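Colleague: I'd like to go over a predicted model; first the sequence, then the structure.
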Amino acid sequence: MVNDLVVDLSRWQFAATALYHFLFVPLTLGLTVLLAVMETIYVTTGREVYKQMAQFWGKLLLINFALGVATGLTMEFEFGTNWSFYSSFVGDTFGAPLAIEGLMAFFLESTMIGLMVFGWHRLTKAQHLTVTYLVALGSNLSALWILVANSFMQHPDGAVFNPITMRMELSSFGQLFFNPDAQAKFVHTVLAGYLTAAIFVCGVSSYYLLRGRHMEFAKRSLRVASVFGVLGAGGVITLGDALGYVGAHVQPTKLAAMEALWKSEPAPMAFNAIALPNQAEQRNDFEIQIPALLSILVTHSLSGTLPGVQELEVQAQERIRNGIPAVLAMEKLSANPHDPEALAQFEAHKADVGYGLLVQRYAPDLTQVTDEQVVKAARDTIPEVWIVFWAFRVMVALGLVMLAYMVFAMLISLTNQVEKRRWFLWLGVLMIPVPFLACEMGWLVAEVGRQPWTVYEMLPTWLSASTHSEGYMIFSITGFVLLYTIFAIIEMFLMVHFIRKGPDDVQGAHGATQLAGGY
């Protein structure tokens with residue numbers, strides 16, 4: 001039998017490392033593009049303040065990038081150490097975009113970022129601007145390929161399961177790349193990064209304006225970032241809607257959890273603005289609803305309906321019973337790969353093989369499965385509703401707050417009223433952690449909402465983990481949390497240190513020399 005504690009600890013460790021890593025990713029994504037915008041203005045206008053802006057924010061980008069690399073590299077090793085069966089199961093497909101990300105994107109970004117920071121007096125304006133654009137391109141390509149890999153876990157398109165080798169084998173690279181989930185998620189994620197960088201720049205600029213320091217630098221940084229942020233905020237919300245629409249068709253269980261929808265309701269369906277989900281009794285202990293809004297948001301019509309948790313569990317029970325013969329056929333094929341009867345049996349039931357694997361957690365002998373075990377496994381197909389429900393609402397609420405803030409920031413910046421509104425400057429400083437929290441909430445919705453699968457409807461999480469001891473996992477997760485906490489503290493210390501020194505310390509070659517010595 002599987003050790004549930006080892007599986008849970010493996011999940012907690014990967015969640016902790018991913019959440020720490022994702023603190024650095026959005027800011028890198030956004031700052032690379034924002035730097036390209038600032039430097040483009042410098043090259044076209046020749047105004048030194050924009051060069052100063054590009055140099056200063058580039059220094060903070062380098063700090064963030066270094067910590068992002070340090071926290072991200074270990075995650076790929078975790079696939080092999082803590083999720084060995086998962087790595088074997090999806091390696092033929094999952095490994096392709098990760099390899100391309102390393103060879104095409106990461107090497108490009110990591111090489112060019114050094115030229116960008118230290119090449120101000122070694123390259124012409126046009127050459128340096130090209131390097132900055134290549135850094136932005138590499139950063140965003142990196143996000144693209146990683147999200148292509150992640151989207152395969154959410155919607156395994158472009159691969160065929162081989163029952164003899166127990167592997168998902170790549171069948172169509174085009175389907176893998178153009179997975180609808182991947183495309184919507186990529187744009188949504190990078191725009192979230194742009195918004196994160198915009199609010200970060202606005203917040204630091206507000207700090208300088210409150211202190212009466214670097215006034216021209218701060219006002220222009222805030223103006224560029226606010227316009228950039230408005231576009232990012234609008235895009236995040238729009239693409240978030242598109243991602244939800246895709247998810248409604250691909251992962252109905254996640255959507256039901258996001259909306260705390262226990263029973264299917266006639267159209268138009270009400271939206272639970274606030275609710276207290278009770279998963280044990282499959283009801284909401286308290287709810288405040290907005291009539292008809294759910295149908296409009298998810299189906300873009302007043303006539304659309306969605307299946308509720310109870311209906312989805314009934315469907316899961318049917319798929320579990322249909323998937324059991326597929327798993328039994330695989331057991332025969334492991335002994336005789338050419339057994340024609342077993343091959344025919346697998347082909348007839350292969351669409352639900354993942355559900356057959358799901359019930360093995362409770363029934364190792366699938367010839368003796370009881371109705372109670374089927375019902376229990378079907379219950380597992382619904383993720384933790386309260387986590388997904390509230391993470392989604394916190395993310396949306398923060399998104400709307402950020403949109404309102406960025407619109408107001410753009411208006412008062414373009415009308416030169418920033419210095420007259422000190423309350424707004426204080427708000428800008430307080431807004432700095434908001435996009436990071438929103439990004440973490442989005443990650444929780446995506447990953448917790450996929451459970452109980454590592455590969456949706458194909459590979460259950462309980463089957464994916466390595467067979468470590470409980471003591472090893474406790475030691476490992478403790479070490480990673482301590483190490484990554486130290487990394488986060490280092491990031492905060494370096495950021496605060498260089499922000500306090502200010503942009504005056506970054507000017508030409510002298511600035512590059514200071515960065516090399518101080519970092």
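Modeller: Received it, and whenever you're ready, just let me know what you need.

Colleague: Could you check stretch 371-388 and say which residues are buried?
Modeller: Gln373, Val374, Val375, Ala377, Ala378, Asp380, Thr381, Ile382, Pro383, Val385, Ile387, Val388 (16 or more other Cβ atoms under 10 Å). For the C-beta atoms, the positions are set from N, CA and C on the backbone; glycine is no exception.

Colleague: got the end-to-end distance for that stretch?
Modeller: 28 Å (Cα to Cα, to the nearest Å).

Colleague: Identify all contacting residues around that stretch.
Modeller: Applying Cβ atoms under 8 Å, 6 or more residues apart in numbering, the contact partners of stretch 371-388 are 253-254, 256-258, 260, 276-277, 279, 309, 312-314, 316-317, 320-321, 355, 358-359, 361-363, 444-445, 448-452.

Colleague: mind running it again at 7 Å?
Modeller: Contact partners of stretch 371-388, identified using Cβ atoms under 7 Å, 6 or more residues apart in numbering, comprise 253-254, 257-258, 260, 277, 279, 309, 312-313, 316-317, 320-321, 358-359, 361-363, 444-445, 448-449, 451-452.

Colleague: Give me the secondary structure label for the closest residue to Trp462 other than its chain neighbours.
Modeller: Leaving aside its sequence neighbours, Trp462 sits nearest to Arg361 (Cβ to Cβ, 6 or more residues apart in numbering; 4.8 Å). The three-state assignment at Arg361 reads coil, by DSSP: H, G, I helix; E, B strand; the rest coil.

Colleague: Would you mind measuring from Arg361 to Ile164?
Modeller: Computed as Cβ to Cβ, to the nearest Å, the Arg361 to Ile164 distance reads 23 Å.

Colleague: Comparing the two, which residue is more hemmed in?
Modeller: Higher neighbour count among Arg361 and Ile164: Arg361, with 20 against 14, using other Cβ atoms under 10 Å.

Colleague: Am I right that that one is in contact with Thr461?
Modeller: No. With contact defined as Cβ atoms under 7 Å, Arg361 does not count as touching Thr461 (9.6 Å).

Colleague: need the contact list for Phe286.
Modeller: Ala275, Leu276.

Colleague: In contact with the closest residue in space to Phe346 that isn't next to it in sequence: list those residues for me.
Modeller: Closest residue in space to Phe346, ignoring its immediate chain neighbours: Ala329 at 3.9 Å, by Cβ to Cβ, 6+ apart. Shown in contact with Ala329 (Cβ under 7 Å, 6+ apart): Pro163, Ala342, Gln345, Phe346.

Colleague: Can you give me the pLDDT of the second one?
Modeller: Right, Ala342. Listed pLDDT for Ala342 reads 91.

Colleague: burial measure for it, as a count.
Modeller: Quick note: Ala342 (other Cβ under 10 Å) scores 23 neighbours.

Colleague: In three-state terms, label it for me.
Modeller: Of the three states, Ala342 takes helix according to three-state DSSP.

Colleague: quick one on the thing from earlier: need the buried ones from the contacts of Ala329 selected in ChimeraX.
Modeller: Buried members of the contacts of Ala329, defined by 16+ other Cβ under 10 Å, are picked up in ChimeraX with:
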select :163,342,345,346
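
Colleague: Between which two of the contacts of Ala329 is the distance greatest?
Modeller: Pro163 and Gln345 (10.0 Å; Cβ to Cβ).

Colleague: Could you look up the SS state of Leu276?
Modeller: strand.

Colleague: Can you tell me the closest non-neighbouring residue to the most centrally placed residue in the chain?
Modeller: Nearest to the geometric centre of the chain sits Trp443, at 4.5 Å (Cα atoms, centre = their mean). Of all residues not flanking Trp443 in the chain, Phe22 sits nearest, at 5.5 Å (Cβ to Cβ, 6+ apart).

Colleague: okay, the one you found: pLDDT?
Modeller: For Phe22, pLDDT reads 86.

Colleague: What is the subsequent helix or strand relative to the helix or strand Leu231 falls within?
Modeller: Assigned by DSSP states H and E, Leu231 belongs to helix 215-250. Of the helices and strands lying after helix 215-250 in sequence (DSSP H and E), the nearest is helix 252-258.

Colleague: packing partners for that next one?
Modeller: Contacts defined by 3 or more Cβ pairs under 7 Å, 6 or more residues apart in numbering; DSSP states H and E place helix 252-258 against helix 215-250, helix 309-335, helix 385-414.

Colleague: Identify each buried residue in the shortest one, please.
Modeller: Buried residues in helix 309-335, defined by neighbour count with 16+ other Cβ under 10 Å: 309, 311-313, 316-317, 319-330, 332-333.

Colleague: Then stretch 349-356?
Modeller: His349, Lys350, Asp352, Val353, Gly354, Tyr355, Gly356.

Colleague: any idea which of those residues is closest to Met492?
Modeller: Of these, the one sitting nearest to Met492 (Cβ to Cβ) turns out to be Gly354, at 42.1 Å.

Colleague: show me what contacts that closest one?
Modeller: Gly323, Glu457, Met458, Leu459, Pro460.
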